[in-house]
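1. what shape does this take:
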Amino acid sequence: MTHGKAILINPFEKTVTHVPYEYGGSYTQITNYIATPEAPKPLFSAVGINDYDSIYIDDEGLYRDTQAYFAWEGYHQPLQGMGLILGCDDEGETVPPRITLAQVCNKVTFQDGIRVEPSFTVTGFDTAQEMLAALGVDQ
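-> Alright, predicted model coming up:
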């Protein structure tokens, strides 16, 4: 295991800080950092922010009653809850982020008084060619 730091975005307290992280350890560290009283053991998903780093967030955060949001410059919607930034190597293992704390501070804006409602669209296709065309894949 490698001792290092990750970057934690806390929209509840409106802070961006370094936090200790044991690289090569358990993924439960992610869960522990993004947990809230309403979601003490959340499932998580990752939002890529560059070719190397991702923000890990509560995958079901939009369904939480008590929530805080932050915007990431260039991302299409606000992100919910705590966000943990980690890097990823060529083997898919988490590593220290390349983005700096100062760069993160410049990209994050805390969002007050908003509520993002979850939504999704289901689309059916009759053929694989229709699906590929909808995805913009050349055939």
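
2. got any ranges where the chain has weak pLDDT?
-> 1, 116-119, 139 (pLDDT under 70).

3. what segments of it are strands?
-> Using DSSP state E, the strands of the chain run over 2-10, 15-23, 44-48, 53-58, 69-72, 79-80, 83-88, 94-95, 108-111.

4. packing partners for the fifth one?
-> It refers to strand 69-72. Secondary-structure packing of strand 69-72 (3 or more C-beta pairs under 8 Å, 6 or more residues apart in numbering; DSSP states H and E): strand 79-80, strand 108-111. From N, CA and C alone the C-beta is placed, and that goes for glycine too.

5. what's the answer for the first one, then?
-> Taking 3+ C-beta pairs under 8 Å, 6+ apart as the contact definition, the neighbouring helices and strands of strand 2-10 are strand 15-23, strand 83-88, helix 101-107.

6. gap between that strand and the chain center?
-> Distance of strand 2-10 from its chain centroid, counting by C-alpha atoms, centre = their mean, to the nearest Å, is 14 Å.
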